[in-house]
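# sequence first, then the predicted structure, then my questions.
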Amino acid sequence: MSRCNPFRGMGVALVTPFHQDGSLDESSLEKLLQFHLDCATDFLCILGTTAETPCLSTEEQLCVMNIAQRVIGGRIPMLLGFGGNNTRAIIDRVKKSDLSGWDGLLIVTPYYNKPSQEGLYQHYKAIADVSPLPIILYNVPSRTGVNLEAATTLRIANDCQNVVAIKEASGKIDQVNEIITKAPKGFEVISGDDGLTLDIINKGGVGVISVLGNVYPAEFKAMVYAGLNQDLEKATAIHNKFTEMYNLLAVDGNPSGVKCFLSAREMIENHLRLPLVSVRSETKQNIERFVNDF
């Protein structure tokens, strides 16, 4: 079986919009999905970190999935966040879920229980053995408390043909470079950090799963493709234009920053679910100024 990664270019980790009362804002979600079709976003990640997935009920997650499938209708690839820290539960969910209409699963490294590298390997191997869809590994140690080391990533890639890429958000460029340099044929690296996307592409990465792309998908896509086409001058100019935004997105946490940006652009209401809260007033003012000046 040949390995094929359908998730290249400028992908977006989609937010989940809420009403003031905390309920799911289905209308705004539909509009966001259509916005990304209109802006030619390459692919979407649904129910990832940026979606506040841990704060959504099972019924709400299914609702988001159904809306995404209905609006997108197969026109661009869709990646479904499907991770957790209970390997058996993930395997059971994979076996019981209707995954038709989805193009891949994003599996984050297990959080809180901090497995060893051998535990991480066995976790991914067990899920890959039952998954009917391609798998994207997701390494984000700042959130999970554990780093999926390059040697372990490569071991998984070599042993699991349906593991097609890794979303790398470790911030470790040397680690990313080692994975890219030693990866088996068809296994690819996707940036999980907007600010490092250009560096990762320059090393041989194939794209990004972006937070920033929620707000300015066409503009960020132009940077990604300039990088992929080795037009470093153009890519660097766009990257520099977004430098302040990278900081504003992160200073009070994700998705608090991106939801404030979307609200400033009048695309959604600025509401999150506890334990997440909106950005500080100072950050909000800086975001509004950025949007007005962009």
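Now that the structure is in, tell me what you want to look at.
# so where do the helices sit in the stretch 51-200 of the chain?
Assigned helices in the stretch 51-200 of the chain, in chain order: 58-72, 87-96, 117-130, 141-144, 150-159, 173-182, 197-203 (criterion: DSSP state H, counting those that start in this stretch).
# buried stuff in the third one?
Taking 16 or more other C-beta atoms under 10 Å as the basis for neighbour counts, the residues of helix 117-130 that come out buried are G119, L120, Y121, H123, Y124, I127, A128. C-betas here are computed from N, CA, C, even on glycine.
# residues in contact with it: which ones?
87, 90-91, 94-95, 107, 109-110, 115, 135, 137, 146, 148-149, 151-152, 155-156, 159-160, 162-163 (C-beta atoms under 8 Å, 6 or more residues apart in numbering).
# just the first one next, same as before
Contacts of helix 58-72 from elsewhere in the structure, counted by C-beta under 8 Å, 6+ apart, are 14, 16, 24, 26, 29-30, 33-34, 37, 44, 46-47, 51, 53, 56, 78, 80, 101-102.
# switch to 6 Å and redo it
L24, L29, E30, L33, I46, L47, M78, G101 (C-beta atoms under 6 Å, 6 or more residues apart in numbering).
# go through it and flag the buried ones.
So for helix 58-72, counting by 16+ other C-beta under 10 Å, buried means E60, Q61, V64, M65, I67, A68, Q69, V71, I72.
# same check on the fourth one?
Across helix 141-144, burial judged by 16+ other C-beta under 10 Å covers P141, T144.
# mean confidence for that helix?
Regarding helix 141-144, the rounded mean pLDDT is 96.
# quick one: contacts of that helix?
Here helix 141-144 has contacts from T109, Y111, N147, S170, using C-beta under 6 Å, 6+ apart.
# closest to S210 among these?
Distance to S210, by C-beta to C-beta, is smallest for S170 among the contacts of helix 141-144, at 16.6 Å.
# still on that earlier bit, out of the contacts of helix 141-144, list just those in strands.
Among the contacts of helix 141-144, none falls in strands (DSSP state E).
# among the residues you listed, which two are most distant?
Farthest pair in the contacts of helix 141-144, by C-beta to C-beta: Y111 and S170, 14.2 Å.
# between the two, which has more neighbouring residues?
When neighbours are counted by other C-beta atoms under 10 Å, S170 comes out ahead of the other of Y111 and S170, with 21 against 17.
# right, and that one touches V140 too?
No - at 7.3 Å, S170 does not count as touching V140 under the criterion of C-beta atoms under 6 Å.
# name the element Y225 belongs to?
Here Y225 is covered by helix 217-228, with elements defined by DSSP states H and E.
# quick one: mean pLDDT for that helix?
98.
# counting by contacts, list what it packs against.
If contacts are counted by 3 or more C-beta pairs under 6 Å, 6 or more residues apart in numbering; DSSP states H and E, helix 217-228 sits against strand 9-13, helix 232-241.
# make it 7 Å
strand 9-13, helix 197-203, strand 207-210, helix 232-241 (3 or more C-beta pairs under 7 Å, 6 or more residues apart in numbering; DSSP states H and E).
# of all those, which one is nearest N254?
Judging these by C-beta to C-beta, what sits closest to N254 is strand 9-13, at 8.8 Å.
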